[in-house]
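Enquirer: Sequence first, predicted coordinates after that:
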Amino acid sequence: MLNKTAFSRWFFISASIIIISLILWNTFAFFNQLKDDERNKMKVWAAAQEELQKLNTTEDNSVSETATVVIQSNNTTPMISYSHEADSYNERNIPESQVNTDEKRQKLIKQFSSEYKPIEIYYEDQLLQTIYYGNSPLINKLKYYPIVLILVILLIFLALYLFYQTSKSAEQNRLWAGMAKETAHQIGTPLSSLVGWTEILKAEQVNQEYITEIEKDIDRLRTITERFSKIGSVPKLEAKDLVAETEASFDYLKRRSSKLIQFELHTPEETVPVMLNSQLFGWTIENLVKNGIDAMKGKGTITISIEKSTKKAYLRITDSGKGIPKSKHKKVFIPGYTTKKRGWGLGLSLAKRIIETYHNGKIHVLNSAPAKGTTMEIVLRLQN
C-alpha cells in the first residue's frame, strides 16, 4: 500500500500529465481548425479571382463588386500569384524585403507549397493563375505556442523539484542535527558518572597509570560530545595554526592506530594561519584518516602533507589503499553512500559539511585510482 505522501505525489504527477495532454490536444485541434479556415478562405478568394476573369466576357457589375470586396478583404494571408499568360508574379500581404529577388521569391513559393497545396485558376480549360499561399501571422504565432507551453510547464516542474529537494534536504539536516544533539545529551550522563568513578578510584589509591589512561578516554568522550553538540549550530571559528592543529590530530591517531600503519607527516616550517574550530577540524582529519585505514584494510601508509600559496592552504591526506573509481569521486560525499559492510556512510558527508558549510573551504578527491590509493584534499583560506 502506498502511504499518503507517495499517493499524493503520484496523484499530482498523473493529474499534471492529464492536464498537459488535454491542453496540447486542444491546442493542436485549434491550430488545425485555423489552418482549415485559412484554406477555405483562400478557396473563396480564388473563386473571386476566377469571377474577375469572367469580366472580360460579361458586364455584370454586381459580380465585379462582390468579387472585389472578397479579394480586398483578405489582408492577412501571405500569397504569391503567378500569371501564366503574362509570366509575372504578384504578391499580397508580404513584406517587399522577402520577395525583392527571384531567389527569395522562389524560396518563399517552396515554403508556401509545403504548407498548403497551391490553388490553380482556370478559365475555359485554360490555366490562368497559380496561387501560392502560406500561414497567416496568427497561425505562425500559434505554431510555437505548444513549444512555449511545454517549456513553461517544464520550468514549473523544475521549480517544484528544486523546492522538494531543498525541503527534503532541510528536513534531513534538521533530523541529523537533532540526532547529533540527542547523542551528545545521552553521552553526557554516563560521562559525568565516569568522572565521579575516577575520583573514587583516586581515593582508593589505584595505580595512577590506569587512572591516567581512563582520564584520557574521558577527555576523548568530552571532545566527542562537544563535536556532536556543535552539529546544526554555527560553530565559533578562531585563528589557529593549521600545522599545529594537524599535528595534534596526527599524534593522537598515530598512538591509537595499529603498528601495521605507517604514518608520514610533511609540513612547512612556518605557521599556516587559518580560521578553524579545533574540535570539528580534528573530527574531519580523523574521519579522513580512518577512511584511509579502512581502504588499506589495516595495513599500509597514511601520508599527511600541508602546503600553502599566497591566499590558500592545502591539506592532503593520502592512503595506499584500494582507491576510488573516478565515477564515484563525488558520490563518496553523499550521506549514506558507503562501500563498507559496516557503518552508515556519514564520515565523508560530515567532513564535507564541516569544511564547506562551517569553514567556507573545499574538500574533494584530488586523485584516486583502483589499487593506487587515494588523496583527499582540503582547501582553506589563509588568515592574513
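Expert: Happy to help now that I have it.

Enquirer: I'd assumed residue 265 was in a strand, is it?
Expert: Yes - under DSSP: H, G, I helix; E, B strand; the rest coil, residue 265 sits within a strand.

Enquirer: Spit out the contact partners of it.
Expert: Residues in contact with residue 265 (CB atoms under 8 Å, 6 or more residues apart in numbering) are 246-247, 250, 303-305. Yep, even glycine has a C-beta here, placed from its N, CA and C like the rest.

Enquirer: same thing but 10 Å
Expert: 243, 246-247, 250-251, 254, 302-306 (CB atoms under 10 Å, 6 or more residues apart in numbering).

Enquirer: Looking at the residues you listed, which are in helices?
Expert: The members of the contacts of residue 265 that map onto helices under DSSP state H are 243, 246-247, 250-251, 254.

Enquirer: Now list the buried members of the contacts of residue 265.
Expert: Neighbour counting by 16 or more other CB atoms under 10 Å classes 243, 246, 250, 302-306 among those as buried.

Enquirer: could the ones in helices among the contacts of residue 265 go into a markdown table alongside pLDDT and distance to residue 288?
Expert: As requested, these are exported to a markdown table (pLDDT from 0 to 100; distance: CB to CB, whole Å):
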| residue | pLDDT | distance to residue 288 |
| --- | --- | --- |
| 243 | 94 | 17 |
| 246 | 94 | 11 |
| 247 | 93 | 15 |
| 250 | 89 | 11 |
| 251 | 88 | 16 |
| 254 | 87 | 14 |
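
Enquirer: Of those, just say which sits nearest to residue 30.
Expert: Ranked by distance to residue 30 (CB to CB), those are led by residue 246 at 69.3 Å.

Enquirer: Now do the same contact list for the closest one.
Expert: 265, 267, 272, 281-282, 285, 304-306, 315, 317, 378.

Enquirer: Residue 206 touches residue 215, doesn't it?
Expert: No - counting by CB atoms under 10 Å, residue 206 does not reach residue 215; the two are 12.0 Å apart.

Enquirer: what is in contact with those two at once?
Expert: residue 198.

Enquirer: Of all pairs in the contacts of residue 265, which one is the farthest apart?
Expert: The widest separation within those (CB to CB) is 17.0 Å, between 243 and 302.

Enquirer: This protein: helices as residue ranges?
Expert: Using DSSP H, the helices of the chain run over residues 4-53, 61-73, 102-115, 137-143, 145-203, 208-230, 242-256, 278-295, 347-352.

Enquirer: which one of those lies closest to residue 322?
Expert: Among these, the nearest to residue 322 by CB to CB is helix 278-295 (5.4 Å).
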